[in-house]
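Coordinates only, no sequence provided:
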């Protein structure tokens, strides 16, 4: 099947209000899809069924699954139409003074809580709504593919939940038989013209917290684990600090659910200690993150005779609703955070989505 035929099938799913997901993995050129044959809302509370999972930030809520056995699954090759990114293009101006005031207050409250030893780190977020009356969401998906070759790009729809699109740079976990891979990603600054940049103490400390947490928490669940050196990683127009973590599970029957429960929500999207940071988020953000900072991806998929799960953190994403695009962004707060700069970081992060909407 060529790409045009696949897009026609996806448009038919939309016309008939049937769930689907279409996506492209980082660095690849294959477009994969799950087109669900009914409009039932399947839960993935057991994590034992093959399909595509879409999970919320709050792990008390049940994830949604598009099951393999309830779907038609297609793979095709994306045409090579990648655009050269203008990395130096000017930032979109955000003139919502109320949103700025509210976010700066939220960050200050987070910094105060850290100073009072409530937790070491907390990730605080906000949403930004834009008028977007164009209903051609496939066009937005194609723009994301063209502009973000190294991200996990997706277009997800369920009539009972809504429409989401994103281009996330962060892997939650990849499991192939008894091998696993994950990453610790934290710290942000704009990409200008080089990966040779200076990282401040705040970003280095924040990234080290995430790395230490993942290593410590996973060590008891796996047979072996090792990490790479920390390096600067480019994701679109932004740079992050990244450490790769890999190893072997105790056996091939090790539960993916156990690994997910350890990792999600990661300190990169929640904070440390997780329970205290999450409580602060739920009490102080004053909006529902829904599926932002949740996770999504393939669960128990057969690839060339081997079972794989490929899951990604749902960052750089937006929800399409009633003529609006709702963009979700956030950033990690530590004792060294400066509230004004944290606001500016969220503005930069909105550009990933705004770039394909304008």
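Looks like it came in fine. Every value quoted in this text rests on a predicted model; they were computed, and no experiment measured them. Residues are numbered from 1 along each chain as shown.

Give me the contacts around the worst-scoring helix or strand of the chain on mean pLDDT.
When the helices and strands of the chain are compared on mean pLDDT, DSSP states H and E, helix 256-263 comes out lowest with a mean of 89. Helix 256-263 has contacts (C-beta atoms under 8 Å, 6 or more residues apart in numbering) with 46-48, 59, 172-173, 175, 180, 182, 214, 217-218, 221, 249, 295, 299-300, 309, 311. For glycine as for every other residue, the C-beta is placed from the backbone atoms N, C-alpha and C.

mean confidence for stretch 56-73?
The predicted model assigns stretch 56-73 a mean pLDDT of 95.

Give me the buried stretch members for that stretch, please.
Across stretch 56-73, burial judged by 16 or more other C-beta atoms under 10 Å covers 56-57, 59, 63-68, 70-71.

for the residue nearest the centre of the chain, what are its contacts?
For the chain, the residue nearest the mean C-alpha position is residue 314 (2.1 Å; C-alpha atoms, centre = their mean). By C-beta under 8 Å, 6+ apart, the contact list for residue 314 reads 164, 166, 168, 291-296.

Nearest to residue 21 among those?
Residue 21 has its nearest neighbour among those in residue 296, at 7.9 Å by C-beta to C-beta.

How about the closest one, nearest residue that isn't a chain neighbour?
residue 54 (4.8 Å; C-beta to C-beta, 6 or more residues apart in numbering).

Reduced to three states, what does the one you found come out as?
strand (DSSP: H, G, I helix; E, B strand; the rest coil).

isn't it right up against residue 298?
No. With contact defined as C-beta atoms under 8 Å, residue 54 does not reach residue 298; the gap is 11.4 Å.

In helices, which of the contacts of residue 314 appear?
Assigned to helices by DSSP state H, none of the contacts of residue 314 qualify.

thinking again about what came up before, could the buried residues of stretch 56-73 go into a markdown table alongside secondary structure?
Converted to a markdown table, the buried residues of stretch 56-73 look like this (three-state DSSP):
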| residue | secondary structure |
| --- | --- |
| 56 | coil |
| 57 | coil |
| 59 | coil |
| 63 | coil |
| 64 | strand |
| 65 | strand |
| 66 | strand |
| 67 | strand |
| 68 | helix |
| 70 | helix |
| 71 | strand |
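
Tell me where the stretch 251-358 of the chain has helices.
Ranges of helices in the stretch 251-358 of the chain, per DSSP state H, counting those that start in this stretch, are 256-263, 274-284, 339-357.

correct me, but residue 41 touches residue 160?
Yes. At 4.9 Å, residue 41 counts as touching residue 160 under the criterion of C-beta under 8 Å.

Could you check which of the two has the larger neighbour count?
Neighbours were counted for residue 41 and for residue 160 using other C-beta atoms under 10 Å; residue 41 has more, 13 against 10.

From residue 324, how far out is that one?
According to C-beta to C-beta, to the nearest Å, residue 41 and residue 324 sit 23 Å apart.

got the contact list for residue 108?
With contacts defined as C-beta under 8 Å, 6+ apart, the neighbours of residue 108 are residue 339.

Count the residues that sit near the closest residue to residue 24 other than its chain neighbours.
Residue nearest to residue 24 in three dimensions, not counting chain neighbours: residue 153, with 5.0 Å by C-beta to C-beta, 6+ apart. Neighbours of residue 153 under the rule other C-beta under 10 Å: 27.

Residue 153 sits in which helix or strand?
Per DSSP states H and E: residue 153 is located in strand 152-158.
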